[in-house]
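**Student:** give me coordinates for this.
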Amino acid sequence: MREWLIAAAVLAAVVVLVIRRLRGEPLVAREVFGAPAVLIAIGAYGLTKLGLTAADAVWLALGSAIGLGFGAVRAATTRLFERDGVLWLRYTPWTFAVWVVAAAVNFGFGALAVSAGMHEEARPMTLSIGVSLLGEALVVARRAKVIGLPYARPRA
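**Tutor:** Okay, here's the model as predicted:
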């Protein structure tokens, strides 16, 4: 039951994040990098409780590379702009399309990995989402640096 509660909370947080970014929001560095860090930490912690095999580790690394790549592609579809002297980010319809394609690819990859012997528990959803958001954060940060606008201050 506890895993379902964590999964529901993570899913709700991701839905809120996507909705906010579809509307456009000030880009706060702590939020850009905080969400991936927290999700990766939760996922990694869950993995420490498992006896991962070498095959699990290989499939996990491949899945993480795919997630990182889709996050980077998704970031390339976002719109960065200036408002009130700070950097803002908005998801575009293409960003949402990349989310959908990435979910389908990850589902197929997961099914392939499990059928090839990977333990299902070795694919924590929090880790997958966190790695994908990290890929997005890295590309957004690079684009933000090129633009040269400051990040927004954290909300009170």
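**Student:** can I get the helix or strand bottoming out on mean pLDDT in the chain in PDB, CA atoms only?
**Tutor:** One helix or strand of the chain scores below all others by mean pLDDT, DSSP states H and E: helix 2-23, with a mean of 78. Output of helix 2-23 as PDB, limited to C-alpha atoms (Å, rounded to 0.1, in the frame of the first residue of the first chain):
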ATOM      1  CA  ARG A   2       2.800   2.400   0.800                       C
ATOM      2  CA  GLU A   3       4.300   2.000  -2.700                       C
ATOM      3  CA  TRP A   4       0.900   3.000  -4.200                       C
ATOM      4  CA  LEU A   5       0.700   6.000  -2.000                       C
ATOM      5  CA  ILE A   6       4.200   7.200  -3.100                       C
ATOM      6  CA  ALA A   7       3.300   6.500  -6.800                       C
ATOM      7  CA  ALA A   8       0.100   8.400  -6.500                       C
ATOM      8  CA  ALA A   9       1.900  11.400  -4.800                       C
ATOM      9  CA  VAL A  10       4.600  11.400  -7.500                       C
ATOM     10  CA  LEU A  11       2.100  11.200 -10.300                       C
ATOM     11  CA  ALA A  12       0.100  14.000  -8.800                       C
ATOM     12  CA  ALA A  13       3.200  16.200  -8.500                       C
ATOM     13  CA  VAL A  14       4.200  15.500 -12.100                       C
ATOM     14  CA  VAL A  15       0.700  16.300 -13.300                       C
ATOM     15  CA  VAL A  16       0.800  19.600 -11.400                       C
ATOM     16  CA  LEU A  17       4.300  20.400 -12.800                       C
ATOM     17  CA  VAL A  18       3.200  19.700 -16.300                       C
ATOM     18  CA  ILE A  19       0.000  21.800 -16.000                       C
ATOM     19  CA  ARG A  20       2.000  24.700 -14.500                       C
ATOM     20  CA  ARG A  21       4.600  24.500 -17.300                       C
ATOM     21  CA  LEU A  22       1.900  24.300 -20.000                       C
ATOM     22  CA  ARG A  23       0.600  27.600 -18.700                       C
END
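**Student:** tell me what the helix or strand just after that helix is packed against?
**Tutor:** Note on helix 2-23: by DSSP states H and E, the next helix or strand toward the C-terminus is strand 25-26. Secondary-structure packing of strand 25-26 (3 or more CB pairs under 8 Å, 6 or more residues apart in numbering; DSSP states H and E): strand 86-90. Quick note: C-beta positions are derived from backbone N, CA and C, even for glycine.
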